[in-house]
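# no sequence on this one, just coordinates:
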């Protein structure tokens, strides 16, 4: 079985999730997918369709209601149940640049079992460029389009009350990492968000 759905299936999974829990997170997911696809198109070794799918479904745990850390375990468990292990991995890694719960921004609203699932699997995982790509795209994707990375991080800081310096620095490094790989400014690559689904 494929470790991730094709684009059409991913779009339908998100649309179904939106019916369960409508909200700005769906638009944010579409912007993330757009950015991931655009960067993958000019980045050696990355498949643009796979990047799009991973970006589209990185927050799919939000299907099950408004949870903060809980959306990580919900998304991981849901995607594993469908056999989409590559997407499950992204659900897990997109919020943890340093593989540590110490720099998580938001409320720890998980059960002990869910928290253990996140900790255990996070320690086992090996980051690749898809993990890094979705972390970057998550950090430039607003709900209405692409944002400057500093503006997005400040927006999160205002909403949640904090933004760890380690995470801030990790995002800036990710931007530089992909800009070096593609040889141009990331904002030139992602361009203007086009609503196509």
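That came through, no problem. The model shown is predicted, which means the values in this text are computed figures rather than measured ones.
# Just the buried positions in stretch 98-110, please.
By 16 or more other Cβ atoms under 10 Å, the buried positions in stretch 98-110 come out as 99, 103-106, 110. Just so you know, the C-beta spots here come from the backbone N, C-alpha and C atoms, and that holds for glycine as well.
# how distant is whatever helix or strand residue 175 lives in from the center of its chain?
Assigned by DSSP states H and E, residue 175 belongs to helix 165-182. Relative to its chain's centre, helix 165-182 lies at 15 Å (Cα atoms, centre = their mean, to the nearest Å).
# got the contact list for it?
For helix 165-182, the surrounding residues in contact (Cβ atoms under 8 Å, 6 or more residues apart in numbering) are 39, 42-44, 97-98, 102-103, 105, 132-133, 135-136, 139-140, 149, 153, 185-186, 189.
# Would you map the strands across this structure?
Assigned by DSSP state E, the strands in the chain number zero.
# worst-scoring helix or strand of it, pLDDT-wise?
helix 149-160 (a mean of 89; mean pLDDT, DSSP states H and E).
# Which residues belonging to that helix are considered buried?
Within helix 149-160, the residues scored as buried using 16+ other Cβ under 10 Å are 149, 152-153, 156.
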